[in-house]
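Trainee: Below are the sequence and a predicted model for it; my questions follow.
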Amino acid sequence: MQLTPIMERYILHWGEMGSRWGVNRTVAQIHALLYLSPQPMPADEIVDTLKVARSNVSTSLKELQALELVQVTHIMGDRRDHFVAACDTWALLTTIVEQRKKREIDPTLAMLRQCVEEARQDRQTDPEIKARIEQMTSFLEDLNAWYEQMKKVPKPTLLALMKMGAKVARFVGK
């Protein structure tokens with residue numbers, strides 16, 4: 001695959017953003033390449049296009065599959081695995097949010113709930129600190145409950161809500 005300067009800039013920037021999001025730069029670059037690619041790509045073509053080590057591509061592809069951002073597909077007459085990224089930006093967003101929730105919010109919520117339980121028996125911790133931990137737990141539980149509800153809202157409705165932006169607050173205030 002021949003990259004244009006715009007494609008290169010997109011892939012490089014996606015890699016930079018990935019490292020800010022806690023994802024390996026190469027993982028993010030491979031995802032960007034597959035997102036832009038009009039056809040599924042085999043690993044060796046990814047290696048050649050991005051000029052990265054085969055082992056790095058292999059590891060990155062496994063991570064992208066585990067994150068459900070890339071799928072394996074096969075092409076008639078070609079024994080190699082080919083990889084494809086979802087091009088539906090809404091599906092991409094929801095997959096990323098769900099994966100981050102699993103890795104970040106769920107473990108934090110479990111730890112906070114455990115802290116709240118243990119704090120009930122703890123005489124050493126200041127009541128103000130216990131209250132702050134309970135507030136954070138309550139906030140994350142509310143956020144989690146809101147997220148679970150929003151997952152069930154049909155995509156067209158969510159898009160309409162997004163486009164309404166702050167106008168929604170007028171309805172809530174009434």
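Mentor: Cool, got the structure. Treat the numbers as computed from the prediction; the structure is a model and nothing was measured.

Trainee: so residue 70 touches residue 31, yeah?
Mentor: Yes - counting by Cβ atoms under 8 Å, residue 70 touches residue 31, with 6.7 Å between them. No exception for glycine: its C-beta is placed from N, CA and C like everyone else's.

Trainee: neighbour-wise, which of those two wins?
Mentor: It is residue 31, of residue 70 and residue 31, that has more neighbours when counted by other Cβ atoms under 10 Å, with 26 against 23.

Trainee: State the helix or strand in which that one lies.
Mentor: Taking DSSP states H and E as the criterion, residue 31 maps to helix 25-36.

Trainee: Tell me which helix or strand residue 123 sits in.
Mentor: Going by DSSP H and E, residue 123 is not in any helix or strand.

Trainee: need the helix or strand of the protein with the lowest average pLDDT.
Mentor: None of the helices or strands of the chain scores lower by mean pLDDT, DSSP states H and E than helix 168-172, at a mean of 80.

Trainee: Residues touching the longest helix anywhere in the chain, excluding its own?
Mentor: Using DSSP state H, we find that the single longest helix of the chain is helix 127-151. Contact partners of helix 127-151, identified using Cβ atoms under 8 Å, 6 or more residues apart in numbering, comprise 94, 97, 101, 105, 108-109, 112-113, 115-116, 119, 122, 158.

Trainee: hmm, back to that, which neighbours do residue 70 and residue 31 share?
Mentor: What both residue 70 and residue 31 touch, as defined by Cβ under 8 Å, 6+ apart, is the set 64, 85.

Trainee: Residue 23: how many residues sit nearby?
Mentor: Neighbours of residue 23 under the rule other Cβ under 10 Å: 23.

Trainee: Please, which helix or strand holds residue 84?
Mentor: strand 78-85.

Trainee: start to end distance for stretch 101-111?
Mentor: 14 Å (Cα to Cα, to the nearest Å).

Trainee: mind listing what's buried in that stretch?
Mentor: Buried residues in stretch 101-111, counting neighbours by 16 or more other Cβ atoms under 10 Å, are found at 101, 109.

Trainee: Let me see the mean pLDDT of the strand holding residue 84.
Mentor: Across strand 78-85, pLDDT averages out at 96.

Trainee: and that strand, what does it pack onto?
Mentor: Packing partners of strand 78-85 (3 or more Cβ pairs under 8 Å, 6 or more residues apart in numbering; DSSP states H and E): helix 25-36, strand 41-42, helix 43-50, helix 54-66, strand 70-75.
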